[in-house]
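Undergrad: Here's my sequence, what's the structure:
(4 chains)
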Number of protein chains: 2
Amino acid sequence: MTDVFPPPDHNHARCAADLIAHAESLCAQRAQRLTPMRRKVLEVLAASHKPLGAYEIIDSAAASGPRPAPITVYRALDFLMAQGLVHRIESRNAFLACVHHHDNGAVVAFLICEGCGTVGEAAGAAMGNMLADAARSAGFAPTLSVVEITGLCAHCRRKRAEHT
Amino acid sequence: MTDVFPPPDHNHARCAADLIAHAESLCAQRAQRLTPMRRKVLEVLAASHKPLGAYEIIDSAAASGPRPAPITVYRALDFLMAQGLVHRIESRNAFLACVHHHDNGAVVAFLICEGCGTVGEAAGAAMGNMLADAARSAGFAPTLSVVEITGLCAHCRRKRAEHT
DNA sequence: GCTTTGATTGTTGCACTGCAACATGATTTT
DNA sequence: AAAATCATGTTGCAGTGCAACAATCAAAGC
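TA: Residues are numbered from 1 along each chain as shown, chains lettered A, B, ... in the order given. The predicted structure follows:
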């Protein structure tokens, strides 16, 4: 299982920069336009491994420029999700920059830490197959799977144990 | 895998009545109060195998009595979810009466049909274990899992095929 | 019985989510 | 350059979700 739960002390600036660079090359390759607005939204999300609500994104963007209207941000998010650059966390009504490009259609499980709010992505073909099989055995043809696991990350668990 | 995808022609009245009866005995057993408001909300949900939004529930309840305020309905839903009688479908911001009591803590996968909106519940220990293992291998201690699979149910798929 | 206590519901108000519909502006294509 | 396409801005609104306080109701103890 390919998985990444970002350690709390890693180099954010670096991974954010990589993420933007990847978005640029991907859009160029697909003849899609990474406009200033879209780039801005992606930058805001990349600056955090925590999922952000739409208004948090707006507030963040407003800190360095004119305040975008909600619809503007939602449109940028729609674009970024279509390109696979951003995930939506359904159980939080929030959005997250994708930290490693998945194969298209792959099922990604999100590990959402209740302690620090950080989200890890676990992509597993085995898991995807299992879910697809389970669905098909019920005569169901799956097109999209949402898997979101809430709990405590290793770091927060350790911290909580020390507190005892 | 224990699973139920309700056929489109089954006896709703019967399964709704069973559901209420079960709720009553469960609440009695736990010394919890199934008040008129809570009962009403459960009845509304039981009358459909489709997830309903909060305002749909309000509208439905208003058809046979005073119109409850949103907060009142949310409180009833909180209670019903705590008792395991109602599920929340995160990807729809909607609620669904649970059609078969699961073991507590069991992971339930929802099969959401894009055609008819009906939702099936697939409870599988194997799936739950797999997800839990995947999470733990990342040092993550899971407490709650959301699995929602969107697609086409057997019935809608057949109907769509005929249309060709 | 009566009161106290805790649980439930009602009221008001508000912040956030998400998008429709239309107007304007920018880019690419012909 | 004109047309077509795409992106953003503007206005407005329906739905989601809950905080804070008031009023009510039900169960437990005196």
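Undergrad: element containing A:Pro142, please.
TA: Assigned by DSSP states H and E, A:Pro142 belongs to strand A:141-152.
Undergrad: ok, now A:Leu26?
TA: helix A:12-30.
Undergrad: What distance do you get for A:Glu90 to DNA strand D?
TA: Counting by Cβ to the nearest atom of the strand, to the nearest Å, the gap between A:Glu90 and DNA strand D amounts to 10 Å. Every C-beta, even on glycine, is put in place using the N, C-alpha and C of the backbone.
Undergrad: from memory that residue sits against B:Val146, does it?
TA: Yes. Counting by Cβ atoms under 8 Å, A:Glu90 touches B:Val146, with 7.2 Å between them.
Undergrad: Can you tell me, leaving aside adjacent residues, what's nearest to the closest residue to DNA strand C within chain A?
TA: As assessed by Cβ to the nearest atom of the strand, DNA strand C sits closest to A:Gly53 within chain A, at 2.5 Å. Excluding its sequence neighbours, the residue lying closest to A:Gly53 (Cβ to Cβ, 6 or more residues apart in numbering or on different chains) is A:Ala94, at 5.0 Å.
Undergrad: Backbone dihedrals for that neighbour, please?
TA: When read as degrees, to the nearest 10, the backbone of A:Ala94 gives phi -140, psi 170.
Undergrad: can stretch A:81-99 be found next to DNA strand C?
TA: Yes. For stretch A:81-99, a contact with DNA strand C is found by Cβ under 7 Å from any atom of the strand, at A:93-94.
Undergrad: Kindly export that stretch (C-alpha atoms) in CSV.
TA: Provided in CSV are the C-alpha atoms of stretch A:81-99 (Å, rounded to 0.1, in the frame of the first residue of the first chain):
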residue,chain,number,x,y,z
MET,A,81,-10.5,18.5,-8.6
ALA,A,82,-11.2,17.7,-12.2
GLN,A,83,-7.4,17.7,-12.8
GLY,A,84,-6.9,15.5,-9.7
LEU,A,85,-4.8,18.2,-8.0
VAL,A,86,-7.3,18.6,-5.1
HIS,A,87,-9.4,16.2,-3.1
ARG,A,88,-12.6,16.9,-1.4
ILE,A,89,-13.0,15.6,2.1
GLU,A,90,-16.7,14.8,2.2
SER,A,91,-17.0,14.3,5.9
ARG,A,92,-15.6,17.8,6.5
ASN,A,93,-17.0,19.7,3.6
ALA,A,94,-13.4,20.7,3.0
PHE,A,95,-10.6,20.5,0.4
LEU,A,96,-7.1,19.2,0.4
ALA,A,97,-4.2,19.5,-2.0
CYS,A,98,-3.2,16.1,-3.3
VAL,A,99,0.3,15.4,-2.4
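Undergrad: buried stuff in it?
TA: Under the neighbour-count criterion of 16 or more other Cβ atoms under 10 Å in any protein chain shown, stretch A:81-99 has A:83-92, A:94-99 buried.
Undergrad: And the residue of chain A closest to DNA strand C, its phi and psi?
TA: Dihedral pair for A:Gly53: phi -70, psi 160, per degrees, to the nearest 10.
Undergrad: if we can go back for a sec, need the residues touching each of A:Glu90 and B:Val146.
TA: A:146, A:148, B:90 (Cβ atoms under 8 Å, 6 or more residues apart in numbering or on different chains).
Undergrad: Is any residue of stretch A:99-108 near chain B?
TA: No. Judged by Cβ under 8 Å from any Cβ of the partner chain, stretch A:99-108 stays clear of chain B, getting no closer than 9.2 Å.
Undergrad: Wondering if the helix holding A:Leu26 reaches DNA strand C at all.
TA: No. On the criterion Cβ under 7 Å from any atom of the strand, helix A:12-30 is out of touch with DNA strand C, staying 10.9 Å away.
Undergrad: Now do the next helix or strand after that helix: everything it contacts.
TA: Where DSSP H and E defines the elements, the next helix or strand beyond helix A:12-30 is helix A:36-46. The list of residues contacting helix A:36-46 from outside it, by Cβ under 8 Å, 6+ apart, reads A:15-16, A:19-20, A:23, A:34, A:52, A:57, A:60-61, A:65, A:68, A:72-73, A:76-77, A:79-80, A:85-86, A:95-97.
Undergrad: buried set for the host helix or strand of A:Arg75?
TA: For A:Arg75, the host element (DSSP H and E) is helix A:70-82. By neighbour count with 16+ other Cβ under 10 Å, helix A:70-82 contains the buried residues A:73-74, A:76-77, A:79-80.
Undergrad: Stretch A:108-122 now?
TA: A:108-113, A:117-122.
Undergrad: Tell me which two of those residues sit farthest apart.
TA: A:Val108 and A:Gly117 (18.0 Å; Cβ to Cβ).
Undergrad: Which other helices and strands does the strand or helix carrying A:Glu121 contact?
TA: Assigned by DSSP H and E, A:Glu121 belongs to strand A:119-123. The contact analysis (3 or more Cβ pairs under 8 Å, 6 or more residues apart in numbering or on different chains; DSSP states H and E) places strand A:119-123 against strand A:2-4, strand A:108-113.
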